[in-house]
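[1] pasting a predicted model and its sequence here:
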Amino acid sequence: MSLLRLPEEHEFRGWLDDPVTKAVFELLRKGIAGRKEQWTRGDFEDVSQFATAIKGSRAIGNCEALQSILDLEYEQLIGEMSDEK
């Protein structure tokens, strides 16, 4: 049983408009851009193709996770939180 109260849509929109949220989202976008720059420089290359693939896969997973936070929508949040009850 979760003690969290489901947020109202206006609360979620307010959170998106909050300066702290905007600053955090900008850091997430910079993190994604930084990973892309590292990839283009070849920073994920390693001694073997397997190790290179692992490093690249981790970077892709990190970017996907950051992007999923940036793309979060109210309906998705409510759906996820409702499933936990």
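    That came in fine, so what should we check first?
[2] which parts of the protein are helices?
    9-17, 19-41, 49-70, 74-83 (DSSP state H).
[3] dump those helices to JSON lines, plus mean neighbour count.
    C-beta coordinates here come from the backbone N, C-alpha and C atoms, glycine included. Shown next, in JSON lines, are the helices of the chain (neighbours: other Cβ atoms under 10 Å):
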{"stretch": "helix 9-17", "mean neighbour count": "12"}
{"stretch": "helix 19-41", "mean neighbour count": "12"}
{"stretch": "helix 49-70", "mean neighbour count": "13"}
{"stretch": "helix 74-83", "mean neighbour count": "12"}
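[4] got CSV for those, with mean pLDDT too?
    Shown next, in CSV, are the helices of the chain (pLDDT from 0 to 100):
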stretch, mean pLDDT
helix 9-17, 97
helix 19-41, 97
helix 49-70, 96
helix 74-83, 87
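[5] mind checking how far the residue most central in space within the chain is from residue 74?
    By Cα atoms, centre = their mean, the chain has its centre lying nearest to residue 66, at 1.8 Å. For residue 66, the distance to residue 74 equals 19 Å [Cβ to Cβ, to the nearest Å].
[6] thanks a lot, catch you later.
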